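# this one's structure only:
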């Protein structure tokens, strides 16, 4: 199994508070991704990174920011959490960009109350 | 963007039965993967198959890239096969686009 660890695995937070989710990999893969999974929508890309300090927006990036200061860590931050951001968040990694196989972490279940 | 349609949306099988899941996509792809999401929510890689045919035990997959579809075959289904099966494709944008999945229930 690919070495991907997400933390925390579960979190409940209040509306308006900042939240940071962490993705840690031990595979030295260049590309890292954050997806969210919601009923009826499948998985949708929030942000991705193609190297240290190199990031770009995905399909549903509003309200989220990311940072990657080391190859192994990719952080997703909700600056001011809203109830619409209640979801399951998945981190993924791949060894190269277009056309490469992606591997997913275990997911983080975030509830915003 | 690229569209991904999976069928059927739901499938109930008796243990031991065979099944075929289908994934249609609307454009040429660089990457196509099949995942199984188990009841605990974990996404498990089944196949990386942008073209051709692969087999892994009771599961096999075929992608016909020129006709823009992929098939996942499950033979002699077991209760542990239950869950949601996702097809995901990438068309040059670094982004995997997922279908809505096929929910499979295997009953003893």
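Happy to help now that I have it. Just so we're clear, the structure is a prediction, and the values are computed from it rather than from any experiment.
# and the residue of chain B nearest chain A?
residue B:30 (3.5 Å; Cβ to the nearest Cβ). No exception for glycine: its C-beta is placed from N, CA and C like everyone else's.
# which residues touch the residue sitting nearest the centre point of chain A?
Centroid-nearest residue in chain A, with Cα atoms, centre = their mean: residue A:34, separated by 2.8 Å. If you count contacts by Cβ atoms under 8 Å, 6 or more residues apart in numbering or on different chains, residue A:34 has them with A:21, A:23, A:45-48, A:58, A:64, A:66, A:74, A:76, A:89-92.
# Let me know how buried the residue nearest to residue B:98 when sequence neighbours are not counted is, in neighbour terms.
Distance criterion Cβ to Cβ, 6 or more residues apart in numbering or on different chains; nearest residue to residue B:98, sequence neighbours excluded, is residue A:42 at 4.0 Å. Applying other Cβ atoms under 10 Å in any protein chain shown, we find 20 other residues in the vicinity of residue A:42.
# What is the top strand by length along chain A packed up against?
Longest strand in chain A, counting residues (DSSP state E): strand A:42-51. Using 3 or more Cβ pairs under 8 Å, 6 or more residues apart in numbering or on different chains; DSSP states H and E, the elements in contact with strand A:42-51 are strand A:31-38, strand A:54-57, strand A:64-70, strand A:73-78, strand B:83-90, strand B:97-98.
# And the pLDDT for residue A:95?
Residue A:95 is assigned a predicted lDDT (pLDDT) of 81.
# do you know how far the residue nearest to it when sequence neighbours are not counted is from chain B?
The shortest distance from residue A:95 to any non-neighbouring residue, by Cβ to Cβ, 6+ apart, is to residue A:29 (5.0 Å). Distance, residue A:29 to chain B, by Cβ to the nearest Cβ, to the nearest Å: 13 Å.
# Three-state assignment for residue A:29, please.
With DSSP: H, G, I helix; E, B strand; the rest coil as the basis, residue A:29 sits in coil.
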